[in-house]
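1. structure, please.
(4 chains)
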2 protein chains.
Amino acid sequence: MKIKKDTKAEILKASKELFSQKGINSTGMRDIASIVGIKQSAIYNHYKNKESIVNAVIDDLFLHTLPQEKDIALASKGKSFLRDYIVEFKILCFDKAREKEFKIVMKELYNHEKIRNDFKELVYGKHLKYLSKVFFTMMQDNLIKSSDPYQLSSEFFSHLLMLKFEITLFKLDDDTQIKFTNLFEKHLDFFWENISL
Amino acid sequence: MKIKKDTKAEILKASKELFSQKGINSTGMRDIASIVGIKQSAIYNHYKNKESIVNAVIDDLFLHTLPQEKDIALASKGKSFLRDYIVEFKILCFDKAREKEFKIVMKELYNHEKIRNDFKELVYGKHLKYLSKVFFTMMQDNLIKSSDPYQLSSEFFSHLLMLKFEITLFKLDDDTQIKFTNLFEKHLDFFWENISL
DNA sequence: GTCTATATAGCGATAGAC
DNA sequence: GTCTATCGCTATATAGAC
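-> Model (predicted):
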């Protein structure tokens, strides 16, 4: 096995870690370098400046924050479709790498315009609209009561977002993980009971 | 009318403004001083250091972020109690001073331990429990279906929090204000229809 | 109470030796 | 590609004149 030291990748990894802990502004080039095991000035052989590191981190910040958008036709499965969605959402909540990314987003949401715009586009411009289509499909299949699909997606999603928010705010031991798993299930039951025909 | 220049109060006000715009770490003593109209070093005649300014700002950060907790007995009014609650919540969302405070909280939630703990205590330790009592009362009065009161408060509150979140993320012109007012009302209708007997 | 001047430390970034 | 050394700038905080 060849051991190839990819310094550029290590810089990116260390930056991600530090950005999620201390925020972008409070992370110095010296902090990053010390984790990688090089001197501060050596970073500039791999990245032009700090901003280009930040951009590299941002680039794969939103790749896996939300469940993958499945074929809308699968929405005809009804409650089990939503259960699959929530399970995937929950896994992302407890994923260490995803948690770090989410912390970066939360920390920089009001400081960094690109992160804010990417977040808005992902959640409001894309994902809530996807969920709207899901609920619209369920209405056409007479699985749920007829109402405003976007409102349903918003009601459905907001509680998941609050749980994710809670998970990152509170320390995660095994007990709380079980507790939250239970809360996800209860949300599904509550929501489905209220919308289903 | 006596014009009394209360420099200490002006420092606090300027700090609040700047903290909400740029965050605590990115706000310099020079920035604060320049708004007040004094030199940076003069601040130290009023506050020992930057930390004491931060603490002063934090002290009244959570005084008016959430609706006032009313007498639980009033919960017997049912839907109109929740409507009053939401109206008060909505007013706080559109209040300029409250919006600034909320931005500070959001910016510092993952950076500043005291702000994070105060926020957790207010929302999870206090307010959601208050709302639980509200829904428990409604159950006793046979106004709503019997279920877990804490889950109801969480389902009720999460969507309001997401709307508040949205309001601070998006630019606020008159159109969006009307749009959000409508969304608050729709949430109430959706929620009440689902829980009421 | 405010000013100027300064101490001390940190930041991002560059130059040039190896 | 990494190092040492350094530049220019900004930060918080202090000392002492007025």
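2. residue contacts, the residue nearest the centre of chain A?
-> Central residue check for chain A by CA atoms, centre = their mean: the C-alpha nearest the mean position is that of A:Thr65, 2.4 Å away. Neighbouring residues of A:Thr65 by CB atoms under 8 Å, 6 or more residues apart in numbering or on different chains: A:92, A:98, A:101-102, A:105, A:122. C-betas here are computed from N, CA, C, even on glycine.
3. and A:Phe184, how many neighbours?
-> 17 (other CB atoms under 10 Å in any protein chain shown).
4. which residues sit in contact with it?
-> A:Phe184 neighbours (CB under 8 Å, 6+ apart): A:86-87, A:89-90, A:160, A:163.
5. out of these, what pair is the most spread apart?
-> Pairwise distances across these peak at 13.0 Å for A:Val87 and A:Leu163 (criterion: CB to CB).
6. quick one: which of these two has more around it?
-> Counted by other CB under 10 Å, A:Val87 and A:Leu163 do not tie: A:Leu163 has more neighbours, with 20 against 15.
7. element containing A:Lys5, please.
-> Remark: A:Lys5 resides in no helix or strand, with elements defined by DSSP states H and E.
8. and it, how many neighbours does it have?
-> By other CB under 10 Å, neighbour count at A:Lys5 equals 9.
9. domain-wise, how is chain A divided?
-> Here the domain parsing of chain A from automatic domain parsing is A:7-59, A:72-195.
10. any chance of CSV for those, columns mean pLDDT?
-> CSV is the format used below for these (pLDDT from 0 to 100):
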stretch, mean pLDDT
domain A:7-59, 98
domain A:72-195, 96
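11. for chain A, what lies in contact range of DNA strand D?
-> Neighbours of DNA strand D within chain A, by CB under 7 Å from any atom of the strand: A:5, A:7, A:33, A:37-42, A:45-46.
12. PyMOL command for the buried members of the residues you listed?
-> To isolate the buried members of the residues of chain A next to DNA strand D in PyMOL, using 16 or more other CB atoms under 10 Å in any protein chain shown:
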select buried, chain A and resi 33+38+46
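13. near DNA strand C, from the residues of chain A next to DNA strand D?
-> A:40-41.
14. show me the residues of chain A next to DNA strand D that map onto helices.
-> Judged by DSSP state H, helices contain the following of those: A:7, A:33.
15. quick one: which of the residues of chain A next to DNA strand D is nearest to DNA strand C?
-> A:Ser41 (3.1 Å; CB to the nearest atom of the strand).
16. contacting residues for the closest one?
-> Contacts of A:Ser41 (CB under 8 Å, 6+ apart): none.
17. for DNA strand C, what are the nearby residues on chain A?
-> So chain A meets DNA strand C at A:27-31, A:40-41, A:44, A:48-51 (CB under 7 Å from any atom of the strand).
18. of those, select the buried ones using a PyMOL command.
-> Buried residues within these, by 16+ other CB under 10 Å, are selected in PyMOL with:
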select buried, chain A and resi 27+29+31+50
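19. tell me which two in the residues of chain A next to DNA strand C are the farthest apart.
-> Checking the residues of chain A next to DNA strand C with CB to CB, the most distant pair is A:Asp31 and A:Lys48, at 18.5 Å.
20. just give the nearest non-adjacent residue to A:His46, would you?
-> Excluding the flanking residues, the one nearest A:His46 by CB to CB, 6 or more residues apart in numbering or on different chains is A:Lys8, at 4.3 Å.
21. pretty sure A:Ile195 contacts A:Lys145?
-> Yes - counting by CB atoms under 8 Å, A:Ile195 touches A:Lys145, with 5.9 Å between them.
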